[in-house]
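Chemist: everything below, folded, please.
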Amino acid sequence: MQHHIIKSLAAVALGAMLLTGCMMQKPTVKNYRKVSAMSNLTPVTVEQLRQMVSADTTHYKVVVLTSSCCGPCELAMRDVYPRKMAECDSSQVRWYFVETDYSSAQYMDKVFRTYHIDSPRYWIDDTLPQYRPLMVKNMWTVAWNMIWNYGKSFEELGWEEADDRLNNIVNAIAPQRQPVTGPNGTPTTVMLDPKGRMKCTYTIYNDTTALLEPTDIRDITVPVTDLDYTRVDTLSYAPKVCTPDGECR
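Modeler: Sure, this is the predicted structure:
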């Protein structure tokens, strides 16, 4: 009985998400074809993106891996990127805004118009296994499998989707001596100097796990051109431990 209740609730919740447009990205063949036909969006493979960035040895580069259906991404579009773009002359810094997934790329123009961002728009279209996004025939397939195979992963449901996809993309775009291990969501910004060195941060989390990540542009207080790209910064979210005499470490 309880199992049927869970399925019913899941059906209602997923049905609501299916009807909310951008709130639920739709990784379907239909959406892929729709985005592919949009002339103002440029599809790129990960290797093509890497070549574009590495070929430019005279500018600082900011690659913004984003999603138009991501709340923090839209806030960054509103509050961060226009301000950071204004800090430096366009002759010094080039920006690459890249949708990580075709399922949200169709909303890209609307977001750019809303926040008055004038920059070329790209989306990742790559069939290599390490970069492959989730794609299904239609969202009702997703709904059906989520309801009747509750708790299983996409892989267990038989759909192909790359593991650590965003991590793979970042390491391919800006290969470094030590690969980054941290990117796990959008927005992710990859900032590089003219020599192709990526600005990185060791991020220490509450469980003391330390990950090497691309420095988040939302965390910097200086222009992109003023960063030290030879230095790896440290950002800690780990709680300090204080002794009775007031000393905290």
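Chemist: and the next helix or strand past the host helix or strand of Lys30?
Modeler: Per DSSP states H and E, Lys30 falls inside helix 29-36. Moving toward the C-terminus from helix 29-36, the next helix or strand (DSSP H and E) is strand 42-44.
Chemist: give me the residues contacting that following strand.
Modeler: Applying CB atoms under 8 Å, 6 or more residues apart in numbering, the contact partners of strand 42-44 are 35-36, 52, 98, 120-125. Any C-beta I mention is one placed from the backbone N, CA and C, and that applies to glycine too.
Chemist: among those residues, which lie within strands?
Modeler: Among those, DSSP state E puts 98, 121-124 in strands.
Chemist: are any of the contacts of strand 42-44 buried, and which?
Modeler: 35, 52, 98, 121-125 (16 or more other CB atoms under 10 Å).
Chemist: show me which of these is closest to Tyr131.
Modeler: Ile124 (6.7 Å; CB to CB).
Chemist: quick one: contacts for the closest one?
Modeler: 43-46, 49, 98-102, 131, 133, 169.
Chemist: need the contact list for the most centrally placed residue in the chain.
Modeler: In the chain, the residue lying closest to the centroid (CA atoms, centre = their mean) is Thr186, at 2.9 Å. With contact set as CB under 8 Å, 6+ apart, Thr186 has these partners: 65-67, 70, 72-73, 100, 166.
Chemist: can you do 7 Å?
Modeler: 65-67, 70, 73, 100 (CB atoms under 7 Å, 6 or more residues apart in numbering).
Chemist: next step: the residues you listed restricted to strands.
Modeler: 65-66.
Chemist: what about the strands in this structure?
Modeler: 42-44, 60-66, 93-99, 121-124, 188-192, 200-204, 210-214, 233-236.
Chemist: closest to Thr221 out of those?
Modeler: Among these, strand 233-236 sits nearest to Thr221 (CB to CB), with 11.7 Å.
Chemist: partner strands of that closest one, with direction?
Modeler: Sheet pairing of strand 233-236 (DSSP bridges) gives strand 200-204 (parallel).
Chemist: same list (the contacts of Thr186) but as a markdown table, adding distance to Lys199 and neighbour count.
Modeler: Shown next, in a markdown table, are the contacts of Thr186 (distance: CB to CB, whole Å; neighbours: other CB atoms under 10 Å):
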| residue | distance to Lys199 | neighbour count |
| --- | --- | --- |
| Leu65 | 15 | 26 |
| Thr66 | 18 | 27 |
| Ser67 | 22 | 23 |
| Cys70 | 22 | 19 |
| Cys73 | 20 | 23 |
| Thr100 | 20 | 23 |
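Chemist: ok, so of the contacts of Thr186, who is nearest Val190?
Modeler: Distance to Val190 across those (CB to CB) is lowest for Leu65, with 7.1 Å.
Chemist: where does this protein dip in pLDDT?
Modeler: 1-25, 136-143, 145-146, 149-161, 239-244, 246-249 (pLDDT under 70).
Chemist: re earlier: just flag the most distant two among the buried ones among the contacts of strand 42-44.
Modeler: By the measure CB to CB, Val35 and Met52 form the most distant pair in these, at 19.4 Å.
Chemist: mind checking which of the strands of the chain is nearest Pro175?
Modeler: strand 188-192 (11.1 Å).
Chemist: helices and strands around the closest one, which ones?
Modeler: Packing partners of strand 188-192 (3 or more CB pairs under 7 Å, 6 or more residues apart in numbering; DSSP states H and E): strand 60-66, helix 165-173, strand 210-214.
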